[in-house]
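# this is the structure alone, sequence omitted:
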């Protein structure tokens, strides 16, 4: 496989340990590998390049990526992964788009983005998958938005988000092997990022879905279900 998607519940430290274990195993076979992360948006690629080159200390990296303004989760959850990337000069790619873009689509639709904001949109946006639509509709029903948010705008925002990350994977893969770190919701059943990236690359892929022991998941949720404590 050329692309390996490893999901996570963002605050579960065990999931990040699994991700690092997999990265280390892939690196041992493919030292020219790439790591793509949902946690950074593409506009920070120059900073990620400096990190991979070993040019930044942690404090400077956090300040330059505006970590706690953008991703917000405790950096210690990702520290070991990012240190391994830095120590081994692994190419690190930001997959996300600026967080204000999906948020603005949710409340105003794609058509009302400013021209400078539309530059962040992926070239193709797929809203045709009924299983993905049903999943997002269930998520939508669990939210309580201020003001009126229409489902079609909410669904467009989700599709833009995932197609943008798929496009970033396609543009960054080259002839390498990539490990992608993203939330479980983006990789489950492959309709989020994986299938969208595959349509752009034709590169074989696998998905790994971490799940707590005792939880219930459908067996086809991923290629591999990694059961955690």
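Sure, I can see it. As the structure is a computational prediction, the values presented were derived from the model and not from experiment. Numbers count the residues shown, from 1 in each chain.

# rest of the way, CA atoms for contacts and neighbours
OK.

# report the buried residues of the helix or strand containing residue 62.
Using DSSP states H and E, residue 62 maps to helix 58-65. Neighbour counts over helix 58-65 (16 or more other C-alpha atoms under 10 Å) mark 61, 65 as buried.

# chain center to that helix, what's the gap?
20 Å (C-alpha atoms, centre = their mean, to the nearest Å).

# quick one: average confidence on that helix?
The average of the pLDDT scores along helix 58-65 is 98.

# show residues contacting that helix.
40, 44, 47, 51, 68 (C-alpha atoms under 8 Å, 6 or more residues apart in numbering).

# if we go to 7 Å?
Residues outside helix 58-65 that contact it (C-alpha atoms under 7 Å, 6 or more residues apart in numbering): 44, 47.

# what ranges do the strands span in the chain?
3-6, 34-41, 91-96, 178-181, 205-212, 224-228 (DSSP state E).

# count the neighbours of the nearest residue to residue 23 once chain neighbours are set aside for me.
Of all residues beyond its chain neighbours, the one nearest residue 23 is residue 179 (6.9 Å), with distances taken as C-alpha to C-alpha, 6 or more residues apart in numbering. For residue 179, the number of neighbouring residues by other C-alpha atoms under 10 Å comes to 26.

# quick one: contacts for the residue nearest to residue 124 when sequence neighbours are not counted?
Excluding the flanking residues, the one nearest residue 124 by C-alpha to C-alpha, 6+ apart is residue 163, at 7.1 Å. Residue 163 makes contact with 122, 125, 193, 196 under the criterion C-alpha under 7 Å, 6+ apart.

# what bridges to the residue nearest to residue 23?
residue 4, residue 35 (DSSP bridges).

# wait, it sits on residue 30?
No: taking contacts as C-alpha atoms under 7 Å, residue 179 lies outside contact range of residue 30: 11.0 Å.

# for the closest residue to residue 197 other than its chain neighbours, give its distance to residue 122.
Sequence neighbours aside, residue 166 is the residue nearest to residue 197 in space, at 4.3 Å (criterion: C-alpha to C-alpha, 6+ apart). Distance, residue 166 to residue 122, using C-alpha to C-alpha, to the nearest Å: 9 Å.

# let me see the contact set for the spatially most central residue of the chain.
Centroid-nearest residue in the chain: residue 38, 2.9 Å away (criterion: C-alpha atoms, centre = their mean). Residue 38 is in contact with 94-96, 181-182, counting by C-alpha under 7 Å, 6+ apart.

# rerun at 6 Å
The contact partners of residue 38, by C-alpha atoms under 6 Å, 6 or more residues apart in numbering, come to 95-96, 182.

# then residue 189?
For residue 189, the contact set (C-alpha under 6 Å, 6+ apart) comprises 221-222.

# distance between the longest helix along the chain and the chain's centre?
Ranked by residue count and defined by DSSP state H, the top helix of the chain is helix 151-173. In terms of C-alpha atoms, centre = their mean, the centre of helix 151-173 is set 10 Å apart from its chain centre.
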